[in-house]
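Student: give me a 3D structure for the following:
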Amino acid sequence: MSEVIVAMDQFRFAAVRRRLKAILIGSIGNLVEWYDFYAYTAFALYFANSFFPGNDPVVQQLNAAVLFAIGFVMRPIGGWIFGHLADQHGRRKALMLSVLLMCFGSLIIAVTPTYASIGTAAPALLGLARIIQGLSLGGEYGASATYLTEMAGDKHRGFYVSFHYVTLIGGQLCAILVLLVLQQVFLTADQMRAWGWRIPFVIGAMLAVIAFAMRRNLHETDAFIETAKPAKRESSIRTLFAYPRQVLIVVGLTAGGTTAFYTYTTYMQKFLKLSVGLSDNQTTMVSAGSLIFALCLQPVYGALSDRIGRKPLLMWFGLMGTIFTIPLLQALRTTTTAIGAFLLIAAAWLIVAGYTSINAVVKAELFPTRIRATGVGLPFAITTSIFGGPAESIALWFKSIGHEAWFSYYLTSVIAIAFLVSVSMRDTRRYPLSESPHPAKSLRHRPPLQRERGH
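Tutor: Sure, this is the predicted structure:
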């Protein structure tokens, strides 16, 4: 009997070890993808004048932000293609291809000549690179969120899947840290504008190759293997239309959450420089510090959702965001110190983390295995391309016409939409991560989880 117990313990330990290894590798690959994507916005202050002629820095940043948004326009296509690939042929293959595509996009940016050298071909090549990166990232979100959710057990799923945004924020943080090191240690401001901005894209391409090699050794999820029979395999937009309530929940939550996220990440760096008036070094330090704070919040909120449920955190984000977004942004515009700016952004992150920490697991819990990657990735990508990607462009446009404060009202409105959706939905934590009932039935009719299950 003791030998049987020892064998069972060894089996459990091996299963836990396999799960943690898969989550770690999946998360590292996600970090690399988001680093590559965010290196663009982190270094836009230095390379915008190399691709866009003129003397107005706001207009140059606006042009750079438009190309940043183009990457988001391609994300729905990437979400559909890679979602279909992940649901039909496995999560691992989709994750491998997405990171390889990101490598190619970063490499193009690293070697593209400037406007002074090749004229309009320079911004055209930059746009092509952003299109490729947009396709890659559109597929990465759904595939990685699905993979992490299916590898995590029911008991701590919120905690484990929160690392999806830990690595997402970590990718942007790494881009900021590379910028900080180059600014403070190796290069002058003139060198950064002349050629130093190419360095992070070379680093990103190299890291993507390493992530590809690591993902080749990932285990496929048991959930996919269980449903990988021809009779059960179905993944298409037509199938997704059979889950209208779930799709609308993803769209509603994402509209507010992604706009808030990109406001306090990609746009905030420009806001601190152009509106608050901080120096380059102060802007980088505040951006890095606030991202570290946001990163630390994700697993805390994720673990909290495993105890109290997902819905309370989503409602916290929606309600507090609706009430405090305008006061926070107004206070930021009038602050005069770097520490004051950091504290205000940190306060905003205490609200936004209610969405970011659990949004991936909530969306994955809405859909059955056979359609999960497409169900998570495609509606999210479409909504992000409409609300998240253009957030920086919209904010800069409001500023360019002299009505910067209007953006805070816009952000409050979309967060209010997310709040209404969170109030109307049921808590997804209560239900097993398994095949959904007939799609015509509401999520409200799903049987509650009776016991904790592992994979």
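Student: list the contacts for Gly309?
Tutor: For Gly309, the contacting residues are 427, 429-430, taking C-beta atoms under 8 Å, 6 or more residues apart in numbering as the criterion. (Each C-beta comes from the backbone N, C-alpha and C, glycine too.)
Student: of the residues you listed, select the buried ones using a ChimeraX command.
Tutor: To isolate the buried subset of the contacts of Gly309 in ChimeraX, counting by 16 or more other C-beta atoms under 10 Å, use the following:
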select :427,429
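Student: what about the residue nearest to Trp406 when sequence neighbours are not counted, distance to Ile25?
Tutor: Residue nearest to Trp406 in three dimensions, not counting chain neighbours: Phe398, with 4.8 Å by C-beta to C-beta, 6 or more residues apart in numbering. Phe398 sits 41 Å away from Ile25, going by C-beta to C-beta, to the nearest Å.
Student: what about the residue nearest to Gly139 when sequence neighbours are not counted, how many neighbours?
Tutor: Take Gly139 and drop its neighbours on the chain: the residue closest to it by C-beta to C-beta, 6+ apart is Phe82, 2.4 Å away. Taking other C-beta atoms under 10 Å as the criterion, the count of residues near Phe82 is 32.
Student: what helix or strand is Phe82 on?
Tutor: If you go by DSSP states H and E, Phe82 is part of helix 75-89.
Student: for that helix, packing partners?
Tutor: helix 91-111, helix 121-151, helix 372-383 (3 or more C-beta pairs under 8 Å, 6 or more residues apart in numbering; DSSP states H and E).
Student: show me the helices in the stretch 251-400 of the chain, by range?
Tutor: Taking DSSP state H, counting those that start in this stretch as the test, the helices found in the stretch 251-400 of the chain are 268-271, 280-308, 311-334, 338-356, 359-366, 372-383, 391-400.
Student: so which of the ones you listed is the most packed in?
Tutor: Most buried of the helices of the stretch 251-400 of the chain, by mean neighbour count (mean count of other C-beta atoms under 10 Å): helix 372-383, with a mean of 29.
Student: give me the helices and strands touching that helix, please.
Tutor: In this structure, helix 372-383 packs against helix 75-89, helix 121-151, helix 237-240, helix 244-262, helix 359-366, with contacts taken as 3+ C-beta pairs under 8 Å, 6+ apart.
Student: same question for the one helix or strand Leu45 maps to, mean pLDDT?
Tutor: Taking DSSP H and E as the definition, Leu45 sits inside helix 2-51. Regarding helix 2-51, the rounded mean pLDDT is 68.
Student: same check, this time on stretch 257-273
Tutor: Confidence for stretch 257-273, expressed as mean pLDDT, is 86.
Student: just the CA coordinates of that stretch, formatted as PDB?
Tutor: What follows is stretch 257-273 as a C-alpha-only set of coordinates in PDB (Å, rounded to 0.1, in the frame of the first residue of the first chain):
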ATOM      1  CA  GLY A 257     -10.400  47.100 -20.400                       C
ATOM      2  CA  THR A 258      -8.200  47.400 -23.500                       C
ATOM      3  CA  THR A 259      -8.700  51.100 -23.800                       C
ATOM      4  CA  ALA A 260      -7.700  51.700 -20.200                       C
ATOM      5  CA  PHE A 261      -4.800  49.300 -20.500                       C
ATOM      6  CA  TYR A 262      -3.300  51.100 -23.500                       C
ATOM      7  CA  THR A 263      -4.000  54.500 -22.000                       C
ATOM      8  CA  TYR A 264      -1.800  53.700 -18.900                       C
ATOM      9  CA  THR A 265       0.900  51.900 -20.900                       C
ATOM     10  CA  THR A 266       1.600  53.000 -24.500                       C
ATOM     11  CA  TYR A 267       0.000  56.400 -24.400                       C
ATOM     12  CA  MET A 268       1.200  57.300 -20.900                       C
ATOM     13  CA  GLN A 269       4.800  57.600 -22.000                       C
ATOM     14  CA  LYS A 270       3.900  60.300 -24.600                       C
ATOM     15  CA  PHE A 271       1.500  61.900 -22.100                       C
ATOM     16  CA  LEU A 272       4.200  62.300 -19.500                       C
ATOM     17  CA  LYS A 273       6.600  63.800 -22.100                       C
END
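Student: which of the residues in it are buried?
Tutor: Residues of stretch 257-273 classed as buried by neighbour count (16+ other C-beta under 10 Å): 257-273.
Student: right, and the residue nearest to Trp406 touches Tyr409 too?
Tutor: No. Checked against C-beta atoms under 8 Å, the pair Phe398 and Tyr409 is beyond contact range at 9.7 Å.
Student: hmm, back to that, confidence-wise, which of the helices and strands packed on helix 372-383 is weakest overall?
Tutor: Here the lowest mean pLDDT among these goes to helix 237-240, at a mean of 74.
Student: how much space between Ala94 and Ala86?
Tutor: Counting by C-beta to C-beta, the gap from Ala94 to Ala86 is 4 Å.
Student: common neighbours of those two, please.
Tutor: Residues touching both Ala94 and Ala86 (C-beta under 8 Å, 6+ apart) are 139, 143, 373.
Student: if I look at Trp195, what pLDDT would I see?
Tutor: Looking at Trp195, its pLDDT stands at 85.
Student: going forward can the numbers begin at 21, since that is how I track them
Tutor: Sure, I'll start counting at 21 from here, so that last one is Trp215.
Student: okay, now it: neighbour count?
Tutor: For Trp215, the count of nearby residues is 14 (other C-beta under 10 Å).
Student: how near is the residue nearest in space to the middle of the chain to Leu127?
Tutor: Among the residues of the chain, Leu188 comes closest to the average C-alpha position under C-alpha atoms, centre = their mean, at 5.2 Å. Leu188 sits 22 Å away from Leu127 when distances are taken as C-beta to C-beta.
Student: quick check: buried residues in stretch 130-149?
Tutor: Burial within stretch 130-149, assessed by neighbour count using 16+ other C-beta under 10 Å, is assigned to 130, 132, 135, 142-143, 145-146, 148-149.
Student: ok, so of those, who is nearest Leu121?
Tutor: Ala149 (11.0 Å; C-beta to C-beta).
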